[in-house]
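S.K.: Task: produce atomic coordinates for the following.
(one chain, ligands or ions: 1)
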Amino acid sequence: MLPDLETPVPLVDLARVERNVARVASYARTHGLALRPHVKTHKSPRIASLQVAHGAQGLTCATPREAEVMASASRDLLVAYPPVDPVRAARIAALEADRVTVALDSVEAVEAMARAAGAAGRTVHVYVEMDLGMRRVGVQAVEDAIALARRAADAQWLEFAGLAFYPGHIRQGVAEQDAALATLATQLGEAVEAFAAAGMRPAVVSGGSTPTLWRSHEMGPVTEIRPGTYVYNDRTTAVIGACDWDDCAFTVLATVVSTAVRGQAVIDAGVKSLGREPVRGAADEGFGALLDHPEVTVRSMSEEHGVLDLARTSWTPKVGDRVRVVPNHVCVAVHLFDEVVGVRDGAIEERWRVEARGRAHA
Ligand SMILES: Cc1ncc(COP(=O)(O)O)c(C=O)c1O
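M.R.: Down below sits the predicted model:
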C-alpha cells in the first residue's frame, strides 16, 4: 500500500514509463533510426529490458559499472565516455557482451583501449567523438577526427565503427531549435563527406538527446540516437516542451513535515533526494515541482528538508500530507536511491534496485 511507504521514496508510474518507451521506439522506427538509449537515467536492467523489448538495438552507458550491470539486458553496449584510465579500459574490455563500443576523442584513449582490448583478446569498436557545440568532449576539427579514426582502424584489436556527438548544447524549447538543428545537420553532413573522401565513410553516426529527441530526424546523416531522460522525463523536459507534464513517470513521494512558518510547507525531500539541479527555461527556478500542483515548487532545500513555495497556490497543505515531487533533473535524483517502487493505478506493483548506481564492480 502506498500509504505504508516510508518517505522520501521514489515512485515510477509504470503505465507512463511503458508509454514513453513505446512512443520513442515507434518514433525511431518511423524514421529509420537505430535506438540505443542511455541507461544513466534509470540505471536498472528492469527498464533497460523494457527498452530492448521495444526494439532498442543496444544500450549506452557512461560508467563501467553501468555497462557491467547492463550486460544482463543487452549484448550490444556502447560506453560513451573516454576510456583513458587503464582500469576503466580494462573493465570495458572485460564486458560480457557480444559487441562493445567506446566513444573517444584522443590518441591516449585509443592507445589505452587498444592495450586493454589486446590484453583481453577481444575486439572493441570505436566511435570517434566530435564536438559540435557542446564544448565538453570531442575532436574539434574534421581532419583530426579522421586522423584519430585512422589510428583506431590501424590499431590491433580496435575497429573504427562510426562518429559520435552529443547535442547537449541544444536545450532551448523544442520549437526554438530550428537554427541549431540546421547547423548541426550541416556540420554532420560535411564531416561525413570528409570521412567518405578519406575512404572512411562512417557506418554509424550516433547522437541524440531528450531535448532534441522528437527532431532527431532533422539531424542530417544521423543513424542512431541515444536519448536517456525520455524514459522517466522530468521538470526540465516538460518546461522545454519535449514531453507533457503527464509524461513525467518518476516522482519522489514526500511527507509534509512542517507548516510552522507562514507561506510555506516543508517536506522530507531535500538535496539528498532531489539533487540541487537547475531548471532551464522556467520563469520560477526552484528545485522541483509537485506533480499534482505544478504551481508549487521546491523553493529552497537543506539536505533532508525541502521548502515548498505556496505563493501561487490555493492548496493548503497540512502536516502529514503526502506529495509527489517531479525533480528538475531526474537522472541525478534516481541515483540517490537504492530502490524504486513501481506503481500502477495508485497501487504498488513491484520494486527494483537501482542496480547500476555507484562505481564498484558489478
Ligand atoms: C554522451 C551522451 N549521450 C546521450 C545522453 C542522453 O541525453 P538525454 O538525457 O538528454 O536524453 C547523454 C546525457 O548526458 C550523454 O552524455
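
S.K.: can you list the weak-confidence ranges in the stretch 251-362 of the chain?
M.R.: Where the stretch 251-362 of the chain drops to pLDDT under 70, the residues are 281-283.

S.K.: mind listing the strands in it by residue range?
M.R.: Per DSSP state E, counting those that start in this stretch, the stretch 251-362 of the chain carries strands over the ranges 264-267, 288-290, 297-301, 306-309, 322-327, 339-344, 347-353.

S.K.: just the ones you listed: most buried one?
M.R.: Of all the strands of the stretch 251-362 of the chain, strand 288-290 has the most neighbours on average by mean count of other CB atoms under 10 Å, namely a mean of 26. Every C-beta, even on glycine, is put in place using the N, C-alpha and C of the backbone.

S.K.: Against which helices or strands is it packed?
M.R.: On a contact count with 3 or more CB pairs under 8 Å, 6 or more residues apart in numbering; DSSP states H and E, strand 288-290 meets strand 297-301, strand 322-327.

S.K.: contacts for the last one?
M.R.: So the one you mean is strand 322-327. With CB atoms under 8 Å, 6 or more residues apart in numbering as the contact definition, strand 322-327 has outside contacts at 3, 7, 11, 234-235, 238, 245, 248, 250-256, 267, 269, 273-275, 277, 287-294, 296, 298, 306, 308, 317, 333.

S.K.: Quick check: residues of this protein near the ligand?
M.R.: Taking CB under 6 Å from any ligand atom, the part of the chain that reaches the ligand is made up of H38, T60, A80, Y166, S209, T210, P211, R226, P227, G228, T229, Y230.

S.K.: what's near enough to touch the spatially closest residue to the first one that is not a sequence neighbour?
M.R.: Excluding its sequence neighbours, the residue lying closest to H38 (CB to CB, 6 or more residues apart in numbering) is G228, at 3.1 Å. Residues in contact with G228 (CB under 8 Å, 6+ apart) are P37, H38, V39, K40, T41, T60, S209, T210, C331.

S.K.: how close does the last one sit to T236?
M.R.: Relative to T236, C331 is positioned 10 Å away (criterion: CB to CB, to the nearest Å).

S.K.: Please apply the same query to the second one.
M.R.: Between H38 and T236 the computed distance is 15 Å (CB to CB).

S.K.: can you pull the pLDDT of the residue nearest to H38?
M.R.: What the model reports as pLDDT for G228 is 98.

S.K.: And it, its phi and psi?
M.R.: phi -120, psi -60 (degrees, to the nearest 10).

S.K.: Where do the strands of the stretch 51-200 of the chain begin and end?
M.R.: Taking DSSP E, counting those that start in this stretch as the criterion, the stretch 51-200 of the chain contains strands spanning 59-61, 76-79, 99-104, 124-129, 158-164.

S.K.: got JSON lines for those, with mean neighbour count too?
M.R.: Compiled in JSON lines, these are given as follows (neighbours: other CB atoms under 10 Å):
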{"stretch": "strand 59-61", "mean neighbour count": "28"}
{"stretch": "strand 76-79", "mean neighbour count": "25"}
{"stretch": "strand 99-104", "mean neighbour count": "26"}
{"stretch": "strand 124-129", "mean neighbour count": "26"}
{"stretch": "strand 158-164", "mean neighbour count": "23"}
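
S.K.: Lovely, talk soon.
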